[in-house]
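Chemist: below is the sequence, then the predicted model.
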Amino acid sequence: MAGPLLDVAGLTVSARNRVLVQDFGLSLARGERVGLIGESGSGKSMTAAALMGLLPEGVAAAGSVRLDGTAHDLIGASDRQMSRLRGKRLGMVFQEPLSALNPLMKVGRQVAEALTRHGGVPGRAAAQRSVELLASVQLPDPAQAAQAYPHQLSGGQRQRVLLAMALANDPDLLICDEPTTALDVSVQRQMLALISDGVARRGSGLLFITHDLAVAASICDRILVLRGGVLVEQGPTDEVFSRPQHPYTRGLLAASDLDATDSNGRLFTVASAAGYVPAGVPAGVPAATAAAPSVTVREPEQGVPDEASAEPLIRVRNLSRTFRRGRTSLFRPPAEVHALQDVSFDVTPGQRFGVVGESGSGKSTLLRILAGLDLPTSGSVVVAGNEVAGSREGQLRQLRSQLQIVFQDPMGSLNPRMRVGEIIAEPLLLPGTPVAARHHGARVAEMLDAVGLPREAAHRYPHQFSGGQRQRIAIARALICEPRILVADEPVSALDVSVRAQILNLLSDLVDKYQLTLVFVSHDLGVVRHLCDTVAVMHRGRIVETGPTGQVYAEPRHEYTKTLVASSLSLHEGERIRAGAASHPASF
Amino acid sequence: MKTARKLSPALLAGAVLVSLVLGAALLSFLWTPYDPVQAFPADRLQGSSTEHLMGTDRYGRDVFSGILYGARITLFVGLVAVGIAALIGTPLGILAGMRRGAVEEVTMRGADILLAFPALLLAIMFGAVFGAGTTTAMVAIGIGSIPGFARVARSGTLQVMSTEYVQAARAASQPALRIARRHVLPNIAGLVVVQCSVTFGLAVLAEAALSFLGLGTPPPVPSWGRMLQESQQFLGTYPSLALWPGAAIAVAVLGFNLLGDGLRDRFDPKLNGER
Amino acid sequence: MGIRLLINAARFVLTFLVATVAVFFFMRAIPGDPAQIALGVNATPELLEQTRREFGTDRPLPVQYFDWVSGLLRGDFGTSYVTRTDISPLVLDRLQVSLILVGLAMAVALLIAVPFGTLAALRHRKPSGVLLSGLSQLGVAVPGFLAAIMLVVVFAVGLGWFPANGWTPPGVDFADFLHRVTLPVLALASVQGAVLTRYVRSAVLEVMSEDYLRTARAKGLGKLEALVKHGLRNAAVPVLTVASVQLAALIIGAVVIERVFVVPGLGSMLLDAVGNRDLLTVQSVVMVLVALTLIINLLVDVLYTIVDPRLRKRA
Amino acid sequence: SAGSGGGSSDAGADAAGQDGGTTGVVVALTGEPANLDFTTTAGAAIPQALMANVYEGLVEIDQDGQIQPLLAQSWDISEDRTTYTFTLEPGVMFNNGAAFTADDVKFSLERVKSDWVSSLKAKMDVVDTVTVLSDTEVEVQLSRPSNAWLFDLGTPVGAMFDESGVADLASTAVGTGPFTIESWKRGESIGFAARDDYWGEAPKVQTATLRYFADAVATTNALRSGDVDVVYNMQAPELLPTFEGDDAFTVLEGTSNGEIVLSMNNARAPFNDVRVRQAVLHAVDRQAVLDTAWSGYGTLVGAPVPPTDPYYEDLNNTYPYDPDKARALLAEAGAENLDIAFTVPTRPYATSVSEIVVSQLAEVGINATIESAEFPAVWLDTVFTRHDYDMSVVLAVESRDVLTMFNNPDYYLGYDNSKIKDAAAAADAADEAGYVSGMQDVVRTINDDAAAGVLFLFPNIVVAKAGVTGLPANSVTEALDLGAVGWQ
Ligand SMILES: Nc1ncnc2c1ncn2[C@@H]1O[C@H](COP(=O)(O)OP(=O)(O)OP(=O)(O)O)[C@@H](O)[C@H]1O
Ligand SMILES: Nc1ncnc2c1ncn2[C@@H]1O[C@H](COP(=O)(O)OP(=O)(O)OP(=O)(O)O)[C@@H](O)[C@H]1O
Ligand SMILES: [Mg+2]
Ligand SMILES: [Mg+2]
């Protein structure tokens, strides 16, 4: 009876005319934490969905999946049989937190449903318990958050709601599909600790899908590397990361190193990784210290925008945005959330302005206001000479023709009924774009190449792509017409390191070529450090610190910035953490 | 990709049924077994026979000829009424849903008034001004059906407008018309298609009711709706009189509904997995 | 809050007034002289003159209009040319009947449509689903009067379970009310239910592949259960819309059913009044309908934001 | 349950249907009264319900069309036929408790001229004076002799009112008849209760209910499901075969005054040519029309005179169906390939009739295009008032209406009455025999001129549960007399 908790053999997942995952095998013991890494679109999510029996329509699985204590094979089990396992013995955190929550149900109820579902908890207790669960995932003011609808929560908050839901019944097998992509580093650390604690405590199994090698290193005992639907390498974490066998794995390691560049000064991708020499090989080197060189590389270009700074492209003054959430009771006034408070900053043309900060600190809200999609409660926002606050749709036209936005949620921002080619080409339809109609196809193909998607992707619909692929579609759409301003919300959060490197390279190119002005939100300090010349740190709706990236990273002044920089994970650090998993540092 | 798309059974069945009706309508221009208008009192109320496939009615007219001929009227009435309603109502609804505020207020309250306005009154009014007849009736029915389309389109639009892909398009300064065409319309198309097919059925029957009030197709020109209506009294004695036009209407409505369903499902990329 | 209410009330009144103008002049534009109809064949010019004077239809249109509207605002609908009595109690009586009939029918229609539409969507590939949607399509294709007659023939004439027709107000004899209301409600509901089923199916299909349903299933909900608990509300807005349009249209549109079952509803009243060119009665009925429609649709707009909080306008 | 009447409680009727021991009867009708006042509102529905049941006249018209005494026991006619002296039934009470006296006769007859808003009032134009001789004797002086007048006394214009009972005629009815109105649910039913102080023979039932239906199918359904006991003046003869073979029901086929008149606009081309009109009459196969349009129920008559009228004679053979003759007449008139508009009122009978007539006219080269006219509003306006039509068809329900239709050149038929005017006046003034022969002459003249076609006489079809007795089969006046209706 001491067999593995989960035994997967010969798992093949195929869509109508393509094989998405081929012959996947995995044996997972109780208490074991297995990481699944690999290229974006390599089939990680599909594998997870196949284990849960939740493949989308038109996609089918074959092979065998056995869960200890369950007589039947999970593949081919009836919906009835599976629904008895799901939520109880199998828990899953889905990749895209924004579309994974029911938009019309308060999140507290959604969590409570996971509890009541399997009989254990009566309704009232479930409500109570769901608030506790929300608290355990560090949602601020959990009782109130429980009353919020998903669209009233930030990306990272929703992701944590999903996590709370998956953890609700202490499942035997927890599958996490990129559970921390929307979380800032300090919250990320806490969530990882929460997950691994739980696994250790209950002796359950963890299948952890991530593109973040540092995260994988910090939590997983064993790593599986998937590429093109095929397992190309597996082994204990140390081994895979220190002595990668497969060239792809080696490439991934190279690409994850944002401090290393190739001969052209560009980040390594899997393709260019041949020339990569790991910096200070195995363990023990704190990554953050190596920040200086890449920032200095950027220094000369930074001079140009500085001169023109007399005329900022974006000028934000005393910006505040207050949301109201639904009432928790009839008698109390609706709760107010101060998403932005008294925010002021300037962005000059050509500047690369990074925004980092706590999950829920108002980053997405800020970007939406910059794009004129939301109106500030008070304060002024001038973008390219246009006052955004209080202007009407028509007046925003001019502003927007120079601006493109990439949303945090790629799925929601793609029209499900348009083919990807049409979606990407859409900005070209605007008057004043230089591309003639007959060249649209070619231009789309170019963009698909640039973001690393196959050209035939143009003919498919958004739902047929992986999370990372969708994110790239959104980026391609934003960049196709070479906007003057790009406002991007976590645009690379779902990308594997290689593709991420490719995208970051692309952005750098555009900045250089067209003087693209960038407002870039990311929770990944490394990415921001690499890409941005200026960084603003947000905390609880305020900008607590701004300055040149290097300076802020090297000498953080505000307490929160210090915590943030300190919690930043590098690959090696991650391994260190895992080694001392029992006594993880609580960051606050 | 574009090769060898499988037609859904609904779409196929719908297409077959609709072409049947269309075929009957076209055929009636060239040939009907008997004059559909001429009465032969001596041959009245006969059952099906080789001479009269579907028997004869109370006037001794050949029902089959009437059905063939009636297909014209039915198609005409249904399509034009639906066309009017959909082409006016849907854009209005989308407009109201996209431009909230005064525009919405005016269009929707207008639609409310029109919705409250009995189609019968419209028909009488139109009949008075333009003379009663098939065209008048279907225009009245079409106009009377506008509010339904407007409200359905608006509700769908409201929902679509709150999605991020529309916000992305707005953020990218896409003109409203293009957003309406490329984002809103395709995403409410399912509902609109259903509305069309339902309205088609209702229009055909409404024309019959109006004919009965002297506001539709005047006798003796056969329209299915009126044939059915007139056979009401014979239900107890000659049920087949109601059967044939009833079946014909059912075929047409079913055809358009199936076609509508098929189209709806076809335009729903998520339903079909990969194609 | 107070101001919002006031604005809403003002909008309501304004729309209502616009409607009065439309209705009034519409009714004057349609051919037919109420006096002539009251007198029938053999009317003489003198009698016509006299009758017109009696009806007040000989006065200038603006005078007639203001007379009518000022009465309306006081809650006085005027005197019918036909019944020669106050219109208000007649209309309100009929309205009550229609509201009961149509309200019950819509409730039953929803009870039919929601489960059937959901199943039809859920099984849209399976034969049972195709059968369900086929049935609903047939329901749409069957004219209301035929459905009604069938019900009468089978359940009243054949089996004798229900009376063939007639109406008892619920306040008078509730058991008899139920007995008599069953068939007309079923007749209305079967057709409307079939129509609604189509919208439910479409709306449910729309949400069926949403990610949050997958999340719900990951919690252990079955496919159907997830759809019911999470999908239906998301599909509710269009269905609500159609149901409200149907409700508004049916208050008059139930006339066929009213006739078959001899239910004294507003629809047959309107039809008769139009036939008799009982102008004031027609105008009153239409204005009652306008008011009802406005109320229904305002309520539905509020319901939208309750069902889907994302639709709330920003203050 | 007796007395409640109405649609809601047919318990009495149901019980009656089963064991025949019986207090009530429920009659289904189509066409509901708009109000209860036939002095100001046209149409047959009100008199159908109220005459004979609530209101009574001095005389009544029996099932054979004969004038019979009612509130007047007897009457004397002076030599010059202008003075009528009526002797009234003694002890007659109105249902409000007032006694019926000669004063009421005077009041009622004079009120027709003063207060009635209906062209029917013209029928009282011949009355010069009404003199009360005693409580039970009244003398009426006519300005000229009139046979029609005595007959008219048996129709609604002859109804007797109580002076204190006319304040609200639209909703209360005060009369001397055997019933009072017990309940009235608009849109549904009128419930009658038998009076126990009725002067004449007491009705056979305690309650009688008239239930109104929108269409004929609903009436028969109600009959089959036991909701009603009688369907009177059934409007869908197509449904009859299913009742005729059934022992549980009796079917009566009586006659009525309703002629289906195929009207031609005598005043304008092409129908101002008598040959064209005659051609039309020859072209129409009336038997075929009757068969198709009304399933063969009804009576063929050659002129607008029902067999129950005293001056009826069979004129069916004046214009036999003869398409060749029709074509010849048309050729003679130079009216081949005639295009005419056929304005058809929106009534089921009219639609059915028009479809077959159009087809028959087409055979002789008359191309008639049907134009539906909403009835009554539009039809009254275009055809009746503005005479803007070529051909139309309508049911003329009034009793003895030949002269109304043809003795007035301004009537919509546009018939030039110069040939009949004097003869008609003479006939009216003559004695009874002279009246009959004079009217026959008038009718023949009209018929020879083919002034209008009378396609057939509407049947009065009554379907009842087998046990119901005393139903009036013929509808001679508008009244539906429930006084004799009872159960076996
Ligand atoms: N519904 C679908 N139908 C057909 N193909 C699909 C569908 N969904 C995803 N795919 C394809 O399956 C492949 C694997 O997708 P999957 O979502 O498993 O990738 P992933 O490894 O999770 O990538 P990411 O890291 O970007 O999320 C991708 O190439 C994607 O295009
Ligand atoms: N529509 C809304 N109604 C109420 N509260 C809202 C709404 N939108 C956002 N909020 C709240 O505002 C705060 C800021 O949200 P925002 O999405 O800007 O955070 P963020 O910085 O982007 O976080 P993350 O990194 O997790 O995406 C959060 O606390 C969120 O709950
Ligand atoms: Mg994925
Ligand atoms: Mg965010």
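Modeler: Ah, there it is. In this text, all values refer to a predicted model and were calculated from it rather than measured experimentally. Ligands and ions are numbered 1, 2, ... in the order given.

Chemist: switch to C-alpha atoms for all contacts and neighbour counts from now on
Modeler: Fine.

Chemist: any part of the longest strand along chain D near chain C?
Modeler: In chain D, assigned by DSSP state E, the strand with the most residues is strand D:249-264. No: among the residues of strand D:249-264, none lie within reach of chain C under C-alpha under 8 Å from any C-alpha of the partner chain; the closest is 13.7 Å away.

Chemist: average pLDDT for that strand?
Modeler: For strand D:249-264, mean pLDDT rounds to 91.

Chemist: ok, now stretch B:81-95?
Modeler: When pLDDT is averaged along stretch B:81-95, the result is 94.

Chemist: re earlier: and the longest strand of chain D, which residues are buried?
Modeler: Neighbour-count burial for strand D:249-264, counted by 16 or more other C-alpha atoms under 10 Å in any protein chain shown, picks out D:249-264.

Chemist: which residues in the stretch 151-300 of chain A form strands?
Modeler: In the stretch 151-300 of chain A, the strands defined using DSSP state E, counting those that start in this stretch lie at A:173-177, A:205-209, A:222-227, A:230-236.

Chemist: of the ones you listed, which is nearest ligand 2?
Modeler: Each of the strands of the stretch 151-300 of chain A was scored for nearness to ligand 2 using C-alpha to the nearest ligand atom, and the closest is strand A:173-177 (16.8 Å).

Chemist: so which residues of the stretch 451-588 of chain A form strands?
Modeler: A:485-489, A:517-521, A:534-539, A:542-548.

Chemist: which one of the buried residues of strand D:249-264 sits closest to residue D:452?
Modeler: Sorting those by how near they are to residue D:452, with C-alpha to C-alpha, puts residue D:263 at the top with 5.0 Å.

Chemist: wait, that closest one touches residue D:415, no?
Modeler: No: the pair residue D:263 / residue D:415 is not scored as a contact, 10.3 Å apart, by C-alpha atoms under 8 Å.

Chemist: returning to that earlier point: looking at the strands of the stretch 151-300 of chain A, which is nearest to residue D:469?
Modeler: When the strands of the stretch 151-300 of chain A are compared for distance to residue D:469 using C-alpha to C-alpha, the nearest one is strand A:173-177, at 86.4 Å.

Chemist: can you tell me the closest non-neighbouring residue to residue C:256?
Modeler: Among residues not flanking residue C:256 along the chain, residue C:145 sits closest, at 6.0 Å (C-alpha to C-alpha, 6 or more residues apart in numbering or on different chains).

Chemist: what's the neighbour count on the one you found?
Modeler: Other residues near residue C:145 come to 22 when the count uses other C-alpha atoms under 10 Å in any protein chain shown.

Chemist: three-state assignment of it?
Modeler: For residue C:145, the secondary structure call by DSSP: H, G, I helix; E, B strand; the rest coil comes out as helix.

Chemist: got a list of what it touches?
Modeler: Neighbour list for residue C:145: C:256-257, C:260 [criterion: C-alpha atoms under 8 Å, 6 or more residues apart in numbering or on different chains].

Chemist: residues of the stretch 201-350 of chain D that sit close to ligand 1?
Modeler: Not one residue of the stretch 201-350 of chain D sits near ligand 1, judged by C-alpha under 6 Å from any ligand atom.

Chemist: re the thing from before, export the strands of the stretch 151-300 of chain A as CSV, with columns for mean pLDDT, distance to residue A:444 and mean neighbour count.
Modeler: Shown next, in CSV, are those (pLDDT from 0 to 100; distance: least, C-alpha to C-alpha, whole Å; neighbours: other C-alpha atoms under 10 Å in any protein chain shown):
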stretch, mean pLDDT, distance to residue A:444, mean neighbour count
strand A:173-177, 91, 30, 25
strand A:205-209, 92, 30, 27
strand A:222-227, 91, 25, 23
strand A:230-236, 90, 29, 18
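
Chemist: out of those, nearest to residue B:124?
Modeler: Evaluated over those, closeness to residue B:124 peaks at strand A:173-177, with 64.5 Å, by C-alpha to C-alpha.

Chemist: now the closest one, how far from the chain's geometric center?
Modeler: For strand A:173-177, the distance from its own C-alpha centre to the chain's C-alpha centre is 16 Å (C-alpha atoms, centre = their mean, to the nearest Å).

Chemist: residues making contact with it?
Modeler: Contacts with strand A:173-177, where a contact means C-alpha under 8 Å, 6+ apart, come from A:5-6, A:45, A:48, A:89-95, A:166-167, A:204-210.

Chemist: beta partners for residue C:86?
Modeler: Applying DSSP bridges to residue C:86 gives these bridge partners: residue C:79.

Chemist: got the contact list for it?
Modeler: The neighbours of residue C:86, taking C-alpha under 8 Å, 6+ apart as the test, are C:77-80.

Chemist: poorly predicted segments of the chain, please.
Modeler: I went with chain A, as the question did not name one. Applying pLDDT under 70 to chain A flags the ranges A:1-2, A:273-310, A:326-332, A:389-401, A:431-434, A:569-588.

Chemist: you looked at the wrong chain, it should be chain C
Modeler: Chain C contains residues with pLDDT under 70 at C:1-2, C:42, C:313-315.

Chemist: walking through it, point out its helices one by one.
Modeler: Chain-ordered helices for chain C, with DSSP state H as the definition, fall at C:2-29, C:34-39, C:45-55, C:61-73, C:87-122, C:127-141, C:144-151, C:174-208, C:211-218, C:223-226, C:232-253, C:255-261, C:266-275, C:279-307.

Chemist: dump the ones you listed to TSV, plus distance to residue D:70.
Modeler: As requested, these are arranged in TSV below (distance: least, C-alpha to C-alpha, whole Å):
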stretch	distance to residue D:70
helix C:2-29	46
helix C:34-39	28
helix C:45-55	31
helix C:61-73	47
helix C:87-122	37
helix C:127-141	57
helix C:144-151	44
helix C:174-208	42
helix C:211-218	83
helix C:223-226	77
helix C:232-253	46
helix C:255-261	38
helix C:266-275	36
helix C:279-307	40
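
Chemist: closest one to ligand 3 among those?
Modeler: Nearest to ligand 3 among the helices of chain C is helix C:211-218; the distance by C-alpha to the ion comes to 13.0 Å.

Chemist: against which helices or strands is that closest one packed?
Modeler: Counting contacts by 3 or more C-alpha pairs under 8 Å, 6 or more residues apart in numbering or on different chains; DSSP states H and E, the secondary-structure elements packed against helix C:211-218 are strand A:90-93, helix A:97-100, helix C:223-226.
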